[in-house]
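> okay, structure incoming, though there's no sequence with it:
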């Protein structure tokens, strides 16, 4: 059983930056591709970014391309989402998830964290 713990959320002004972290409990972290997704109140879940098992391949939804960067550190069992130029529409609860596929790019996953709130004020 993998446990995922997100951190780094908070309140930031539009144009600001935040870095989210996702720590994983299992030693075989490198056998999972990782996903960041978000859910705003009253809206569907939306994938934000994902990274392959090795960390070499990344995927971003169009709305965050050029502003968000996903990074997976297999040596430290941790994944990051660096977010810059934040916009009010980025406000949501952000979740990290793990999937056993080589490179997951959707919202099917095996494990998910508890989420961290990101609020961007205008």
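Alright, I've got the coordinates. All values derive from a computational prediction rather than experimental measurement.

> strand partners (parallel or antiparallel) of the helix or strand hosting residue 94?
Assigned by DSSP states H and E, residue 94 belongs to strand 92-99. Sheet pairing here is set by DSSP bridges, and for strand 92-99 it gives strand 33-39 (antiparallel), strand 111-112 (antiparallel), strand 116-121 (antiparallel).

> what's that strand in contact with?
Outside of strand 92-99, the residues within contact range by Cβ atoms under 8 Å, 6 or more residues apart in numbering are 2, 4, 6, 9, 20, 22, 24, 32-40, 43, 45-46, 48, 79, 81, 107-118. For the C-beta atoms, the positions are set from N, CA and C on the backbone; glycine is no exception.

> now do the residue lying closest to residue 69 once chain neighbours are set aside against residue 111, distance only.
Using Cβ to Cβ, 6 or more residues apart in numbering and skipping the chain neighbours, the partner closest in space to residue 69 is residue 82 (4.4 Å). Look at residue 82 and residue 111: by Cβ to Cβ, to the nearest Å, they are 22 Å apart.

> more neighbours: which of these two?
residue 111 (18 against 14; other Cβ atoms under 10 Å).

> my guess is the more buried one meets residue 4, correct?
Yes. When contacts are counted by Cβ atoms under 8 Å, residue 111 is listed as touching residue 4 (5.7 Å).

> what bridges to the residue nearest the centre of the chain?
The residue lying closest to the centre of the chain (Cα atoms, centre = their mean) is residue 36, at 2.5 Å. Following DSSP bridges, residue 36 is listed with bridge partners residue 49, residue 96.

> for it, what are its contacts?
20, 22, 47-50, 70, 79, 81, 94-97.

> tell me which residues are up against stretch 112-122.
Residues from elsewhere that reach stretch 112-122 (Cβ under 8 Å, 6+ apart): 3-14, 16, 18, 20, 22, 38-39, 83, 86-98.
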